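J.: mind folding the following:
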Amino acid sequence: MDRLTAAKVFMGIAARGSLTATAEALEMSRPMVTRYLAEMESWAGARLLHRTTRRISLTPAGEETMARCQRMLDVAADMAIVSPEGAVAPRGLLRIACSQSLAQEVLAAAMAQYLRIYPQVLVDLQIGARAVNLVQERIDLAIRITNEVDPNLIARPLAQCASVICAAPSWVVEHGLPQRAEDLASHNCLTYSYFGKSLWEFHRAGERITVPVSGNLSANEPQVLLAAALAGAGVSMQPVYAVARLVADGKLITLLPGHEPLALGVHGIFASRSQMSPALRTMIDFLATWFKDPARWAPGLKGEARRRRKSINPHAANGSM
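T.: Residues are numbered from 1 along each chain as shown. Predicted structure coming up:
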């Protein structure tokens, strides 16, 4: 029997917990699903499932077999085809992990362009703020904004992510403009749980300074902090790409000119260079070129920010400096 089909059947049973549901999903008869399962257990040389009248669960051998089946199906999905001209055409599924803000503001447009060039590739974006386990979660590529890369993984530098300190005009009117980074101690700072929750780092006149910050709101998703800043809840450190349009529209004001928040590296993270699929290789190369373009990172922000700051009169506030 076809081992790829048997692997699909077994993975379906493990996911759905039902032979009948798997038969319906794969458009097979129930006896055929039972036969494929029996063949899989014969090949594995062990019982793969605990079956009772109420539930189905994996045995230890079933857990190991499921991991092997997933690898086999991934290899099958990523096998390249050869075009009539003899070139290898990337195809198959790529699972890419990325933060929500970077995915919305930058990566979505990059994916649209990549898929126009390589229409036989399928991209599944996994959106979240946490650092995923590439192997356990079957992620082909993670796009991470960090200066601390796991040495056990392979990281290709793609770009530098600049940040700005910003607040809503209403916050500035009420609390004043901070003149120096140290002035942030008197402001409510909205902090990111995974980075810089209590310390913000800056470059000022060639000097690197670290400033303690605090506030009444932190979150593990920067877009939540951005929404709170827009609502006038406090001061936030945000990537330039996330706030450029909001600054241009006057909804946010960038603070502390002359203070440059510590830039973070944008990295493409993957598990191994060996047997890299054409789809993954072309994706990484494409993103390296895409991210090098300054237009992807909201140019013209500084001039607009200066104009907006001049339009605000912070001395109208009770807490002006």
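J.: strands of the stretch 201-321 of the chain, start to end?
T.: Ranges of strands in the stretch 201-321 of the chain, per DSSP state E, counting those that start in this stretch, are 207-212, 218-219, 235-239, 253-255, 259-261, 264-270.
J.: comparing the ones you listed, which comes out most buried?
T.: strand 235-239 (a mean of 26; mean count of other CB atoms under 10 Å). Heads up, the C-betas are built off the backbone N, CA and C, glycines and all.
J.: so, low pLDDT: which residues of the stretch 151-300 of the chain?
T.: Filtered on pLDDT under 70, the stretch 151-300 of the chain yields the residue ranges 195-196, 274-275, 298-300.
J.: mind listing the helices for it?
T.: Using DSSP state H, counting those that start in this stretch, the helices of the stretch 151-300 of the chain run over 169-175, 222-230, 240-248, 278-292.
J.: which of the ones you listed sits closest to residue 143?
T.: Ranking those by proximity to residue 143 (CB to CB) places helix 278-292 first, at 7.4 Å.
J.: how does this protein divide up, domain by domain?
T.: Here the domain parsing of the chain from automatic domain parsing is 3-71, 90-160+265-291, 163-264+299-316.
J.: tabulate the strands of the stretch 201-321 of the chain (TSV), appending distance to residue 122.
T.: TSV is the format used below for these (distance: least, CB to CB, whole Å):
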stretch	distance to residue 122
strand 207-212	44
strand 218-219	32
strand 235-239	28
strand 253-255	39
strand 259-261	37
strand 264-270	17
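J.: need the longest helix for this protein.
T.: Identified as the longest helix of the chain according to DSSP state H is helix 60-78.
J.: buried stuff in that one?
T.: By neighbour count on 16 or more other CB atoms under 10 Å, the buried set for helix 60-78 is 62, 65-66, 69, 72-73, 78.
J.: what is it packed up against?
T.: Packing contacts for helix 60-78, counted by 3 or more CB pairs under 8 Å, 6 or more residues apart in numbering; DSSP states H and E, involve helix 3-16, helix 30-44, strand 92-98.
J.: relative to the very next helix or strand once past the second one, what are the paired strands and their orientations?
T.: Beyond helix 30-44 on the C-terminal side, the first helix or strand identified by DSSP states H and E is strand 49-51. According to DSSP bridges, the neighbouring strands of strand 49-51, each with its direction, are strand 56-58 (antiparallel).
J.: how far does the partner strand sit from its chain's centre?
T.: 32 Å (CA atoms, centre = their mean, to the nearest Å).
J.: contact partners of that strand?
T.: Residues from elsewhere that reach strand 56-58 (CB atoms under 8 Å, 6 or more residues apart in numbering): 13-14, 17-19, 48-50, 66.
J.: quick check: buried residues in it?
T.: For strand 56-58, using 16+ other CB under 10 Å, the buried residues are 56, 58.
J.: residue 117 contacts residue 283, correct?
T.: No: using CB atoms under 8 Å, residue 117 makes no contact with residue 283, being 10.3 Å away.
J.: quick one, which of these two is more surrounded?
T.: For residue 117 and residue 283, the more surrounded residue by other CB atoms under 10 Å is residue 283, and the numbers stand at 24 against 10.
J.: contact partners for the closest residue in space to residue 279 that isn't next to it in sequence?
T.: Nearest non-adjacent residue to residue 279, counting by CB to CB, 6 or more residues apart in numbering: residue 90, 4.1 Å away. Residues near residue 90 by CB under 8 Å, 6+ apart: 80, 118, 120-121, 277-279, 281-283.
J.: can I get those in CSV with distance to residue 256?
T.: Rendered in CSV, the data for the contacts of residue 90 read as follows (distance: CB to CB, whole Å):
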residue, distance to residue 256
80, 50
118, 42
120, 48
121, 43
277, 45
278, 46
279, 43
281, 41
282, 41
283, 37
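J.: what bridges to the closest residue to residue 199 other than its chain neighbours?
T.: Distances taken as CB to CB, 6+ apart put residue 210 closest to residue 199, at 5.2 Å, once the chain neighbours are dropped. Beta-bridge pairing for residue 210 (DSSP bridges): residue 201.
J.: so how far is residue 120 from residue 210?
T.: Look at residue 210 and residue 120: by CB to CB, to the nearest Å, they are 49 Å apart.
J.: for residue 13, same thing?
T.: Counting by CB to CB, the gap from residue 13 to residue 120 is 29 Å.
J.: what is the host helix or strand of residue 24 packed up against?
T.: Counting by DSSP H and E, the element that carries residue 24 is helix 19-25. Packing contacts for helix 19-25, counted by 3+ CB pairs under 8 Å, 6+ apart, involve helix 3-16, helix 30-44.
J.: quick check: buried residues in the last one?
T.: So the one you mean is helix 30-44. Residues of helix 30-44 classed as buried: 33, 36-37, 39-41, 44 (neighbour count, 16+ other CB under 10 Å).
J.: okay, the closest residue to residue 203 other than its chain neighbours and residue 167: tell me how far apart.
T.: Counting by CB to CB, 6+ apart, residue 203 lies nearest to residue 260, which is 4.5 Å off, once chain neighbours are set aside. Here the criterion is CB to CB. By it, residue 260 lies 17 Å from residue 167.
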